[in-house]
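>>> sequence first, predicted model second:
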Amino acid sequence: MGRRTVLLVAAFLVAAVGTTLVFVYVNSVNDRALADQHPVEVLVAKSDIAAGTTAQAAAAAGAFELKKVAKSSVVGTAVSSIDPLRDKITLSRIFKGEQILAAQFGDASESEVLPIPDGKIAVSVQLGDPARVAGFVTPGSNVAVFVTIARQGGQTTTRLLLPVAQVIAVGPTTLTPAAAGDANKEALPRALLTLALDQRNAEKLVFASQQGTVFFGLRNDKSKVAPDAGVSAGNLFS
């Protein structure tokens with residue numbers, strides 16, 4: 001190997017080492033600068049999040065990431081975990097790169113945009129506490145819908161109307177005066193519950209709520225619900 005070649009190799013090595021040292025130095029300066037600013041971790045949007053999206057659904061879609069930012073750059077109610085927001089929905093659109101704020105989330109009744117699934121329409125019914133499972137039905141719940149109604153021939157029957165329906169909003173709650181002659185004189189709380197349904201099932205629910213009495217049953221993944229002949233006075237004890 002000639003002297004000229006040795007000099008070129010040495011120069012290359014020196015340049016490479018110098019570049020590496022500069023890179024390490026710059027990064028260490030940045031790290032020290034960030035450390036001096038008392039960095040904290042906050043959730044940031046990795047992508048746009050539509051209004052009406054639950055925090056849980058956004059997290060499942062990978063829409064959040066944790067980032068370290070200087071404490072002085074943290075916005076008001078920024079959060080580092082979705083746990084307190086899991087059942088809340090976005091009240092307005094969140095854009096990519098924004099810090100995730102508790103104030104951006106709320107109950108469905110606070111949102112100006114209902115999270116209606118594609119192909120569905122929103123339909124509301126007003127129910128008392130027993131008919132809405134004592135208030136345990138919340139936005140995101142799946143319910144079975146039952147109706148008690150007089151069938152042709154005058155026989156009153158309770159039957160399953162819809163095996164499953166998604167609740168997308170609950171509220172507001174109002175007090176309804178007790179009916180005349182009712183032994184319980186206290187005003188009864190009633191709430192509006194909004195379901196996402198296709199047209200045919202929406203027609204069923206509207207008709208049932210106008211002509212009969214509607215009850216919801218709260219479902220989970222293991223609930224077993226299927227249409228049957230229903231219950232009337234004739235088979236109540238069979």
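Yes, it's here. Numbering: from 1, shown residues only.
>>> Ile100 and Glu41 touch, don't they?
No: between Ile100 and Glu41 there is no contact, the gap being 11.5 Å when judged by Cβ atoms under 8 Å. C-beta: built from backbone N, CA, C; applies to glycine.
>>> look at the two and report which has more neighbours.
Between Ile100 and Glu41, Ile100 has the larger neighbour count (other Cβ atoms under 10 Å), namely 26 against 14.
>>> now do the contacts for that one.
Contact partners of Ile100, counting by Cβ atoms under 8 Å, 6 or more residues apart in numbering, are 42-45, 64, 78-79, 82, 94.
>>> what subset of the residues you listed is buried?
Taking 16 or more other Cβ atoms under 10 Å as the criterion, what is buried in the contacts of Ile100 is 42-45, 64, 78-79, 82, 94.
>>> let's see which of these end up in strands.
Assigned to strands by DSSP state E, the following of those qualify: 42-45, 64.
>>> how about JSON lines for the residues you listed, with pLDDT and distance to Gly154 added?
Shown next, in JSON lines, are those (pLDDT from 0 to 100; distance: Cβ to Cβ, whole Å):
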{"residue": "Val42", "pLDDT": "91", "distance to Gly154": "64"}
{"residue": "Leu43", "pLDDT": "90", "distance to Gly154": "59"}
{"residue": "Val44", "pLDDT": "92", "distance to Gly154": "63"}
{"residue": "Ala45", "pLDDT": "91", "distance to Gly154": "58"}
{"residue": "Phe64", "pLDDT": "92", "distance to Gly154": "57"}
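>>> coming back round to it: and which of the buried ones among the contacts of Ile100 is nearest to Thr213?
Ile82 (38.5 Å; Cβ to Cβ).
>>> strands along the protein, start to end?
40-45, 64-69, 89-90, 105-106, 121-128, 142-150, 156-176, 188-197, 213-218, 231-232.
>>> ok, which of those strands comes nearest Gly135?
Nearest of the strands of the chain to Gly135, taken as Cβ to Cβ: strand 188-197 at 7.7 Å.
>>> which other helices and strands does that closest one contact?
When contacts are defined as 3 or more Cβ pairs under 8 Å, 6 or more residues apart in numbering; DSSP states H and E, strand 188-197 packs onto strand 121-128, strand 156-176.
>>> got the contact list for it?
108, 114, 116-117, 120-129, 132, 135, 137, 143, 145, 162, 165-176, 178, 205, 216.
>>> low-confidence ranges, the protein, go.
Scanning the chain with the threshold set as pLDDT under 70 gives 1-37, 108-113, 172-188.
>>> over to Lys154: give its phi and psi.
Lys isn't right for residue 154; it's Gly. phi 90, psi -10 (degrees, to the nearest 10).
>>> count the residues that sit near it.
6.
>>> circling back: could the contacts of Ile100 go into JSON lines alongside distance to Leu195?
Output for the contacts of Ile100, formatted as JSON lines (distance: Cβ to Cβ, whole Å):
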{"residue": "Val42", "distance to Leu195": "35"}
{"residue": "Leu43", "distance to Leu195": "31"}
{"residue": "Val44", "distance to Leu195": "34"}
{"residue": "Ala45", "distance to Leu195": "29"}
{"residue": "Phe64", "distance to Leu195": "28"}
{"residue": "Ala78", "distance to Leu195": "34"}
{"residue": "Val79", "distance to Leu195": "30"}
{"residue": "Ile82", "distance to Leu195": "25"}
{"residue": "Ile94", "distance to Leu195": "26"}
